[in-house]
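>>> starting from these lines, generate the structure:
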Amino acid sequence: MKDNDNELLNVTTDLEPSGNSILETEVETALKDMKFEKLPTNDNVTTELITVCKETGIKNVCLLANKIYESGVTRK
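Modelled structure (predicted):
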């Protein structure tokens, strides 16, 4: 990836993952702390959708969060 590609994608790669993984229990706790009936962001995923999916939803959010964390690529 070229340097200007990161600008086009509006991402930064300056984070250093510590090697710790995000746990499913952490995702579950975070979901419990989130407010319901809020409008979804640009990904169209609501807290209710993830919660309704129960174990599968929590597992998938955990996998996705860990992939993002390990890549070190985030939005600016």
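>>> so where's this structure uncertain?
Within the chain, the stretches with pLDDT under 70 are 1-19, 76.
>>> quick check: longest helix of it.
Ranked by residue count under DSSP state H, the longest helix found in the chain is helix 54-71.
>>> and it, what does it pack against?
Applying 3 or more C-beta pairs under 8 Å, 6 or more residues apart in numbering; DSSP states H and E, one finds that helix 54-71 contacts helix 24-33, helix 47-52. To be clear about C-beta, it is placed using only N, CA and C from the backbone, and glycine gets the same treatment.
>>> so which of those helices gets nearest residue 62?
Among those, the nearest to residue 62 by C-beta to C-beta is helix 24-33 (4.7 Å).
>>> distance of residue 31 relative to residue 45?
The gap separating residue 31 from residue 45 is 11 Å, by C-beta to C-beta, to the nearest Å.
>>> more crowded one of the two?
Using other C-beta atoms under 10 Å as the criterion, residue 31 and residue 45 rank with residue 31 on top: 16 against 12.
>>> who are the packing partners of the helix or strand following the longest helix of the chain?
Remark: after helix 54-71, the chain's next helix or strand is strand 74-75, criterion DSSP states H and E. Identification of packing neighbours for strand 74-75 by 3+ C-beta pairs under 8 Å, 6+ apart yields strand 11-12.
>>> make a markdown table out of the helices and strands packed on helix 54-71 and add distance to residue 66.
Output for the helices and strands packed on helix 54-71, formatted as a markdown table (distance: least, C-beta to C-beta, whole Å):
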| stretch | distance to residue 66 |
| --- | --- |
| helix 24-33 | 10 |
| helix 47-52 | 15 |
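>>> nearest to residue 72, of the ones you listed?
Between residue 72 and these, the tightest spacing by C-beta to C-beta is seen for helix 24-33, at 18.8 Å.
>>> what helices and strands are in contact with that closest one?
When contacts are defined as 3+ C-beta pairs under 8 Å, 6+ apart, helix 24-33 packs onto helix 47-52, helix 54-71.
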